[in-house]
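> Prediction below, plus the sequence it came from.
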Amino acid sequence: MSRIRLAIAGVGNCASALVQGLYYYRHVDKNDELVPGLMHNVLGGYRIRDIEVVAAFDIDARKVGKDLGEAIFAKPNCTTVFCKDIPEIGVVVEKAPVLDGFSSHMREWPEDRTFTISKEEEVDVAKVLEEKNADVLISYMPVGSYHATRYYAEACLKSGTAFINAIPEFIVSDERWESRFREAGIPAIGDDIKSQVGATIVHRTLVRLLAERGVKIDRTYQLNFGGNTDFLNMLERSRLKSKKISKTEAVRSMNKEKLADENIHIGPSDYVPWLKDNKVCYIRIEGRKFGDVPVEIELRLSVEDSPNSAGVMIDAVRCAKLAMDRGVGGALIAASAYFMKHPPVQIPDFKAREMLEEFIRGERER
């Protein structure tokens, strides 16, 4: 198989976990062994070591101008270092346009928790993607980066690069944007990465279980706390509109009856600095079973946030390259439904997985 030439927009905790994973799992080459953390050891013939990062973009002075192998460990990144054996990669982090990829309130926090915007000259991302012959670009922009996300989507359309939108800005699930990728013959996966075993997938599974077992769900909430820059960024509530839509619809779509807005609350709740990249989630579901007798579920989930998303992203990247190899453009329906919170079509996870396996085998176009 050929290499997968990957570009990364946003060298934060998620990028750090992903790059560490590329080296941590570089020796895995068989599908018949159970490897913790991997859903597919080999996907469509592509091994994890076939993924090669060729470009990276950020705005932080502590990352711009540095080799990616060093930049992924620079502050304010705080995710777990599970692979220390990262060599010099040979990819220098370049400064992209700032746009709205930075929330102004973060200037009020100590420097080690937030950004210091680089004074380096901004590059033309589309031009860099062309020069590096990138196959796939991941957008790891902060929540609320409306203009920055669209800038990277446009760069992919101009350069012929597959686009993976890891955040809740609606591109792949927007008919106008999706049609542009389809007409250009460029694959796209989105929107808003669904963690491997995170709050959304657990909440969706519980809601669907209750609904299938005849329980009438009356109300539910999901409260999330964390200490990384994602949670710090989300203290600016004006940036949360699409995030709340994405997370809420991901859960609400699993219920037989649509819960009224006042009976479902899902979204980031607070920033707790000492939690660092650990995310703590509290889920409560109230319903009625046989004879209208009440049933309640309360659950606490604690996960390291960024590696949780990297386990999914490593498959999304390979699916995007498979689509490119096959000449398939537009939204990858199966991959988006299985990997993302706000895909073009919401599909129960068990069914989305079946569809994904059909896509990998070449039995389904998208």
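That came through, no problem.
> Next, count neighbours for residue 351.
Neighbourhood size, residue 351 [other C-beta atoms under 10 Å]: 12. C-beta coordinates here come from the backbone N, C-alpha and C atoms, glycine included.
> Distance-wise, check it relative to residue 217.
Relative to residue 217, residue 351 is positioned 20 Å away (C-beta to C-beta, to the nearest Å).
> and if you look at residue 346?
In this view, residue 346 and residue 217 are 17 Å apart by C-beta to C-beta.
> The two: which has the busier surroundings?
Neighbour comparison, residue 346 and residue 217: the larger count goes to residue 217, with 23 against 18 (by other C-beta under 10 Å).
> SS state for the residue lying closest to that one once chain neighbours are set aside?
Leaving aside its sequence neighbours, residue 217 sits nearest to residue 287 (C-beta to C-beta, 6 or more residues apart in numbering; 4.4 Å). At residue 287 the chain is in strand, as set by DSSP: H, G, I helix; E, B strand; the rest coil.
> these two touch, right, residue 287 and residue 293?
No: between residue 287 and residue 293 there is no contact under C-beta atoms under 8 Å: 10.0 Å.
> who's more crowded, the two?
Higher neighbour count among residue 287 and residue 293: residue 287, with 21 against 8, using other C-beta under 10 Å.
> ok, what's across the strand from that one?
residue 217, residue 295 (DSSP bridges).
> what's the offset of the one helix or strand in the chain whose mean pLDDT sits lowest from the middle of its chain?
Using mean pLDDT, DSSP states H and E, strand 264-271 stands out as the lowest-scoring helix or strand of the chain, at a mean of 87. Remark: strand 264-271 is offset 18 Å from the chain centroid, using C-alpha atoms, centre = their mean, to the nearest Å.
> Ok, stretch 71-81 next?
Here stretch 71-81 shows a centroid-to-chain-centroid distance of 17 Å under the convention C-alpha atoms, centre = their mean.
> Endpoint to endpoint, that stretch covers what distance?
Across stretch 71-81, the terminal residues are separated by 13 Å (C-alpha to C-alpha, to the nearest Å).
> coming back round to it: counting by contacts, list what the least confident helix or strand of the chain packs against.
Applying 3 or more C-beta pairs under 8 Å, 6 or more residues apart in numbering; DSSP states H and E, one finds that strand 264-271 makes contact with strand 216-226, helix 229-233, helix 241-252.
> Mind listing what's buried along the first one?
Just to be clear, that refers to strand 216-226. Using 16 or more other C-beta atoms under 10 Å as the test for burial, strand 216-226 gives 217, 220, 221, 222, 223, 224, 225, 226.
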